[in-house]
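A.B. asks: build the 3D model from these lines:
(4 chains)
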Protein chains: 2
Amino acid sequence: MREFLRGAVRLHILHHAAEQEIHGAWMTEELARHGYAISPGTLYPTLHRLEADGLLVSEQRTVDGRVRRVYRATEAGHAALAEDRAALAELAREVLPKQS
Amino acid sequence: MREFLRGAVRLHILHHAAEQEIHGAWMTEELARHGYAISPGTLYPTLHRLEADGLLVSEQRTVDGRVRRVYRATEAGHAALAEDRAALAELAREVLPKQS
DNA sequence: AATCCGATATCGGCTTCCGATACTACCGGC
DNA sequence: GCCGGTAGTATCGGAAGCCGATATCGGATT
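C.D. replies: This next block holds a predicted model:
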């Protein structure tokens, strides 16, 4: 059984897409940097889903002669991020002992 | 797409099973109290999985003439709880702004 | 012994996961 | 201007998980 990886990935994506443009490969690295190994078979469908749900918008862009699909959070994406953060904070309050 | 409900449920279960005996119906209420609506079709398989993974042990017990299956966390369950808490804390540190 | 009730278990259809593989577009070398 | 390399994205297919609905179970009540 996997822990809350799914939610963590979603949160990270929204978190970063809310303040800068992201793209799949970069997101993969960023997540790996935080210890989350995500396979392309999970990441790309997740991005597509977030876009289909209206939380992200994407645009094809060419950078250094490479084609990328860059994403940014929509207004709804920002709202969803805020909600998720609140849920996370509450969860932390509930099951985390005292605290830093 | 669902947020980190799955992980939250797991965490809550381990959290409570680590300090007292729990049973399915009670856990359902407790989760509902915190805003998590979980269906029996999710909860019971989850409990079974946690037990199959050696994180919980169960025992049939009769309380007030009602049969319950009560669960407690094993040693491995406590360890898993600690890990999950650490992961949660790190996630919170990463994506939560400053602090409450 | 029939019924009720709290509690647990299972079923079926759907969504999601994720490793592997394929595709696309651009590059440099020659 | 073809060829292999490479970065990045997409898809496929089997397995796992989700969850509403329904079934089952065991003790209590009458």
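A.B. asks: and the pLDDT at residue A:66?
C.D. replies: Residue A:66 carries a pLDDT score of 87 in this model.
A.B. asks: quickly list what it is bridged to.
C.D. replies: residue A:63 (DSSP bridges).
A.B. asks: for it, give its distance to residue B:54.
C.D. replies: Between residue A:66 and residue B:54 the computed distance is 46 Å (C-beta to C-beta, to the nearest Å). C-beta coordinates here come from the backbone N, C-alpha and C atoms, glycine included.
A.B. asks: tell me the spacing between the nearest residue in space to residue A:60 that is not next to it in sequence and residue A:51.
C.D. replies: Of all residues not flanking residue A:60 in the chain, residue A:69 sits nearest, at 5.7 Å (C-beta to C-beta, 6 or more residues apart in numbering or on different chains). For residue A:69, the distance to residue A:51 (C-beta to C-beta) stands at 9 Å.
A.B. asks: and residue A:86, by the same measure?
C.D. replies: In terms of C-beta to C-beta, residue A:86 sits 23 Å off from residue A:51.
A.B. asks: just residue A:91 next, same as before
C.D. replies: As defined by C-beta to C-beta, residue A:91 lies at a distance of 26 Å from residue A:51.
A.B. asks: the residue nearest to residue A:60 belongs to a strand?
C.D. replies: Yes: looking at residue A:69 with DSSP: H, G, I helix; E, B strand; the rest coil, it is inside a strand.
A.B. asks: tell me if stretch A:24-42 is near DNA strand C.
C.D. replies: Yes: against DNA strand C, stretch A:24-42 shows contacts by C-beta under 7 Å from any atom of the strand at A:37-42.
A.B. asks: average pLDDT for that stretch?
C.D. replies: Stretch A:24-42 comes out at a mean pLDDT of 93.
A.B. asks: the nearest residue to residue A:37 once chain neighbours are set aside is in what secondary structure piece?
C.D. replies: Closest residue in space to residue A:37, ignoring its immediate chain neighbours: residue A:31 at 7.6 Å, by C-beta to C-beta, 6+ apart. According to DSSP states H and E, residue A:31 maps onto helix A:24-33.
A.B. asks: ok and the host helix or strand of residue A:83 relative to helix B:75-95, angle-wise?
C.D. replies: According to DSSP H and E, residue A:83 maps onto helix A:75-95. Helix A:75-95 runs at 140 degrees relative to helix B:75-95, counting by axes from the mean of the first three to the mean of the last three C-alpha atoms, to 10 degrees.
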